[in-house]
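Participant: generate a structure from the sequence data that follows.
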Amino acid sequence: MCRKKTIDRLSKALTILFLLSFANTAVPVSAAPAASGAAGISLSADDKQFVSERISNNYSKVSAGYTAKTYSGGDLEFPVYAGMVNGGRAKMVDEDILITKDGVPVPDRTADVHEGDKAEVVISVPEKALYAVRFEYNSYDDSVLPVEFSMALDAEGNFPFYECRNVKLRSTWLPKAEKSYDRYNDEVVTVPEKAKQWESAYFTDSSYRRSEPLLIEIPEGEHALYFEVKSGNFLLGNVTLCAPETVAEHTGTKTAEGTALITIEAENYSSANESSIHATADFDASVSPYKVTDSELNVIDPDSFDTAGQSVTYSFNAETAGYYYIAMNYSQSDKTDFPVFVDVRVDGKIPDSAFSAYEMAYTTNYRISTMTGNDGERLAVYLEPGEHTISYTITLDPICNIIESVEEIMAGVNDLALEITKVAGTNSDKYRDLSLSRYIPGLEDKLRGYADELVSLEAGARRFTEGNKNVAVMSSMLIAANQLNSLANNPDEIPYRIAELSSSTNSVNQYLANTIDSLLKNGLAIDRIWLYQEGAKLPDPPGFFESVWKAVERFIASFFDQSYSASNIDPEHLQVWVNRSSQYVQIMQKMIDEYFTSETGIDVDISIMPDQYKLVLANSSGNAPDVATGINYTVPYELAIRGALADMAKYSDFKETASVYEPGFFLTGTIGESVYSMPETMNFWVLVYRTDVLDKLGLEVPDTMQDVIDMLPELQMRGLNFYYPTAGMRAMRNFHGTTPLIVQSGGALYSGLAQDGTTLGSEASVKGFTTLTDLFTVYDMPVDIDNFYQHFRNGDIPIGICDYGTYNLISNAAPELAGSWDISIVPGLEQEDGTIARNTCGCAESTVIFKSSEEREAKAWEFIKWWVSTPVQSEFGQTMQITYGDEYLWTTANVEAFEQLPLDSGHKKVILEFAKNVIDVARVPGTYMLEREISNAFNSVVVDGKSAQTRIDEAVKVIDREMKRKLEEFGYIDSEGNTLKEYRIPDIDSIMPILGR
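Facilitator: Residues are numbered from 1 along each chain as shown. Just a heads-up that it's a prediction; the model follows:
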């Protein structure tokens, strides 16, 4: 059996080598086609489609082929409770749950649907037509995540168009009525509350590139809609097929006669459709209210109100009936010389087309602007006396076609790069004569066509700029066009300029990706809104001298602002330095004051750490804090080996406190039997993959590295590849990227004693190191990737291993991929007994106690016990995410607390499984040299082509020499190399008794 397995793997390896040798060999000149009109070499449609399915099957493409008319009849309601959920009858809502719609309880009309559920609803339509889909729902749980599900027609997985893969239904969030202040009398952001109420929403593009409902062409007769819930626990009422709401055309405006003036302070919004939308303090002289010293929230934070689909609503009272103009004091500096577009709704409806996708012009300073039509006349809305609402929703409608066209060109450039590689190979020699245009007919025309289209798109967007001038936000797109023309001028040079097309940081596709990222930024800061009539006067902006004077006052006051400063402390209080931004610190201090101090009586001063790498100097000068938290996991060892930290393992309740952490997180802060750091956060690693690409290729998600190697031929023959994280570590290939395969191969970096030096040169370690380098030298994985996120987004590297940072980007900065990607546990190495080793690194930040008096150390330990406890870590993580958005996911290393965070449950399981496999690299004197030399050896083998064994032998000598030097420095050996005291290196077996396991 083992022999057959070995033969199978050898056969696959030979297949890969054959494919690679083919890819690296140019087509011989003698094989050139006889005439330029010959067929040449091209990709099949099947090769291309899986990369561009998001483009070829999106709503724009599919709806262009619609033949039916838009439905204009009455609403067709289909209650979900009459359908099927998970193959059985829909679960009804319990009678004791009070659910109302318009004040009427409706438990008998509602299905209770949960994350992971599948639902089927039978529908019947009277005619073939284009139908809008409307949902009635109530997201009743406390999760910050929106309701998300896929919607198929007539069969599971049969999506009418790409956007059906991800339907997103948002909730309403209400700000707290009472303002909140910190101990320095600065107003701070409060945590909003979720309105657990019935909502009604149309099926729209989840990335909100289009604000109008997406229509589905449905033939006459009976059909079924299939839903698969990805996130959210909610009540689902009727699914309604209906005619889309239409917005009346603007036919002119009325004069707003009267003297009424309604002023709305933007920070006092009544609701928002995302919890992360919040106010911030701006010290611009043009905003209101304005304070020189204490911070007061006075504008909508443009960093929180910056994404298409986000909406903020204000309530106001009109005392006089009549027409009103609408004005706003705002700032918009995200898009240079280009507007942000907003849909303006009054009482929930867009008054007419002039209020749809209204342009908020670029301005770096605050500007008071009244809404006007294309004719320059002020727009007016009619209001009856009483309560009303006005809402602003960011949209991308006017530039949706630009974004989609650029994405289509990017897909075409990727395909073209692959086609060129198939002809010229990957080892292109500039001295080799290859008439590329003979093998790819129309190459120059295709490149110029792309360039001309980009120029045309930019020219078409000039109508949105003042003076019809060049669009600065699209400058990268014009650079890409120039680069395409340059390549077209010399097509035969393209093989050795191939990186300029799609792979380098200065490639055409990178410039186009930068353009899309710029267009997706829509930060809008709102200070005040006015609804006013002709006889009312809007406030004048501050004059030049007033603005200068306020700026001077603020500048002087800044010298006396000591909020969260290490110089503004009470020496009797416990001093905690935090290596994080003010958003984290404000919430920490508030929780400490409300919970920890009130429970223990211990006063705590939080200070923002100036530089974590200067803690050694701070300790030497006697200015060290009692506790430091949020510091890099490597820093505690450097402090502890110098005697600066207190041993946490000495406390009787240490084992109980540490029980919520996986043991592998403690190795980096342990010396002997003493533990000097408590894990705070983890940097998790996951396998991320494009489900649409793998489904199209019929590939399974790999579970082992051998599975990864086995899938490479299918990927590479189509110009795709797998990303291993070592490729993204350009300056230093750190332990996270170099050691997992060494350890999984049975190797180790140390023996039991530091005096024995490194065991990197052992047979098992060299085998593991070779397994790593073979991925790049034998199996042709890319060795230098600047931005895996962008390659994953493009689709040319549809699978790879990434850390939390990239996971966060994909989750929050690539809305167009929603529903088309997923994660799994990182592939490991299969062992002889059939088990899979997945040992990996995963530490991120830690918390430490500095040595001082026993009394202060005891108080510091009380604080750490409280801070790392499950309830506190869970509440802190949820508060950060609710207040500032999903990108502020708190990756606590406390596994019990992490399980309670608002995160996709499937992703959460994968990450928690990762945590179980964390066995980080223990630190010893000279570890930095070990990490550096492994990195250097990797580069020597993969980049310079040196022998792995030879290069490792050289590295071992350098590492051992440095380790001995550091052991002598810290008193473990003398100058002759004799052992003065043993330095036992902790491993997972030795750490377990210390943790009481």
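Participant: so where's the stretch 451-600 of the chain shaky on pLDDT?
Facilitator: Within the stretch 451-600 of the chain, the ranges that satisfy pLDDT under 70 run 550, 553-555, 557-569.
Participant: correction: the previous question concerned the chain.
Facilitator: Ranges of the chain meeting pLDDT under 70: 1-53, 81-109, 425-434, 550, 553-555, 557-569.
Participant: the longest helix in it is where?
Facilitator: helix 400-424 (DSSP state H).
Participant: tell me the buried residues in that helix?
Facilitator: Neighbour-count burial for helix 400-424 flags 400, 402-424 (criterion: 16 or more other CB atoms under 10 Å). In this view, the C-beta of every residue, glycine as well, is placed from N, C-alpha and C.
Participant: what ranges do the strands span in the stretch 451-600 of the chain?
Facilitator: In the stretch 451-600 of the chain, the strands defined using DSSP state E, counting those that start in this stretch lie at 525-532, 574-578.
Participant: between the ones you listed, which one is closest to residue 798.
Facilitator: Of all these, strand 525-532 sits nearest to residue 798, with 37.5 Å by CB to CB.
Participant: which SSE is residue 800 in?
Facilitator: According to DSSP states H and E, residue 800 maps onto strand 799-803.
Participant: list the contacts of the helix or strand just after that strand.
Facilitator: Using DSSP H and E, the helix or strand that follows strand 799-803 towards the C-terminus is helix 804-813. Outside helix 804-813, the residues within contact range by CB atoms under 8 Å, 6 or more residues apart in numbering are 517, 682-684, 686, 688, 788-789, 792-793, 802, 817, 821, 823, 844, 885-887, 889, 891.
Participant: quick one: buried ones out of the residues you listed?
Facilitator: Among these, the ones that count as buried by 16+ other CB under 10 Å are 682-684, 686, 688, 788-789, 792-793, 802, 817, 821, 823, 844, 885-886, 889, 891.
Participant: quick one: the nearest residue to residue 866 once chain neighbours are set aside and residue 867, what's the gap?
Facilitator: Nearest residue to residue 866, sequence neighbours excluded (CB to CB, 6 or more residues apart in numbering): residue 596, at 5.0 Å. According to CB to CB, to the nearest Å, residue 596 and residue 867 sit 8 Å apart.
Participant: next one: residue 608
Facilitator: Counting by CB to CB, the separation of residue 608 from residue 867 is 16 Å.
Participant: quick one: contacts for the nearest residue to residue 934 once chain neighbours are set aside?
Facilitator: Of all residues not flanking residue 934 in the chain, residue 738 sits nearest, at 4.8 Å (CB to CB, 6+ apart). Residues near residue 738 by CB under 8 Å, 6+ apart: 726, 769, 772, 931, 934, 935, 938.
Participant: again, only using 7 Å
Facilitator: Taking CB atoms under 7 Å, 6 or more residues apart in numbering, we find residue 738 in contact with 726, 772, 934, 935, 938.
Participant: so of these, which ones are in helices?
Facilitator: Counting by DSSP H, the part of the contacts of residue 738 found in helices is 772, 934, 935, 938.
Participant: ok, so of the residues you listed, who is nearest residue 955?
Facilitator: residue 934 (6.9 Å).
Participant: how many neighbours does that closest one have?
Facilitator: Residue crowding around residue 934 was assessed by other CB atoms under 10 Å; the count is 27.
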